[in-house]
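# Sequence and predicted structure below; questions after.
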Amino acid sequence: MSTTIEDLFPHLQATGYEITSPPSTEYNCIAWAAHEDDRWWWPDPAGIGYWPDNSRREENVGVFVQLFNTLGYAPCDIPELEPGFEKMAIFVNPNGVPTHVARQLSNGRWTSKLGKAEDIEHSLEGLEGTAYGSVAQILRRPIHQSQTS
């Protein structure tokens, strides 16, 4: 029996989603949130995969926030679309360990790379549940002309 996106994320069916790319093992959610699609980002303590040299290799929200600070993001309180800003959401499991990062699109929806599976456009609530947990931190940065959704 194969597992579908809706099996892993049962809220997606009610909140709606659209598959926007085929599966890929080249990149993951963190890379996708950082506008990259050519390498796998993760703070693996053994140094496997890409992680910026100036960031600690630890799986905690503080490290993820510090990483995205280097990309111009700062914590904010609301996930709603704000003109002039691009946002990210960091998901954590019940133990507070980061599991996923989603990026907000200019239409207010969110985009995510689901591990080695597809990229999807979705509501933020659509991914909350047992697979990725819940949103622990929202970050935002001013949108510059060179950035795209």
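Perfect, thanks for sending it.
# Any regions of the chain where pLDDT drops low?
Scanning the chain with the threshold set as pLDDT under 70 gives 1-3, 145-149.
# got the buried residues for stretch 51-71?
Trp51, Ser55, Glu59, Val63, Phe64, Val65, Leu67, Phe68 (16 or more other C-beta atoms under 10 Å). Placement of C-beta: from N, CA and C, glycine included.
# cool, and stretch 73-81?
Neighbour-count burial for stretch 73-81, counted by 16+ other C-beta under 10 Å, picks out Tyr73, Pro79.
# Please report the distance of the residue sitting nearest the centre point of the chain from Pro83.
By C-alpha atoms, centre = their mean, the mean C-alpha position of the chain lies nearest to Val101, the distance being 1.8 Å. The span separating Val101 from Pro83 equals 22 Å under the rule C-beta to C-beta, to the nearest Å.
# ok, back up a step: in strands, which of the buried residues of stretch 51-71 fall?
Here DSSP state E is the test, and the buried residues of stretch 51-71 give no hits in strands at all.
# quick one: which of those residues is nearest to Gly96?
Glu59 (9.6 Å; C-beta to C-beta).
# so how far is Ile19 from the nearest residue to that closest one once chain neighbours are set aside?
Leaving out its chain neighbours, the residue that sits closest to Glu59 by C-beta to C-beta, 6 or more residues apart in numbering is Val97, at 5.3 Å. Val97 sits 27 Å away from Ile19 when distances are taken as C-beta to C-beta.
# Which secondary structure state does Val101 sit in?
strand (DSSP: H, G, I helix; E, B strand; the rest coil).
# Quick check: phi and psi on the residue lying closest to it once chain neighbours are set aside?
Counting by C-beta to C-beta, 6+ apart, the nearest residue to Val101 once its immediate chain neighbours are dropped is Ala33, at 4.3 Å. Main-chain torsions, Ala33, degrees, to the nearest 10: phi -60, psi -30.
# Ala33 touches Met88, doesn't it?
Yes - using C-beta atoms under 8 Å, Ala33 makes contact with Met88 at a distance of 5.3 Å.
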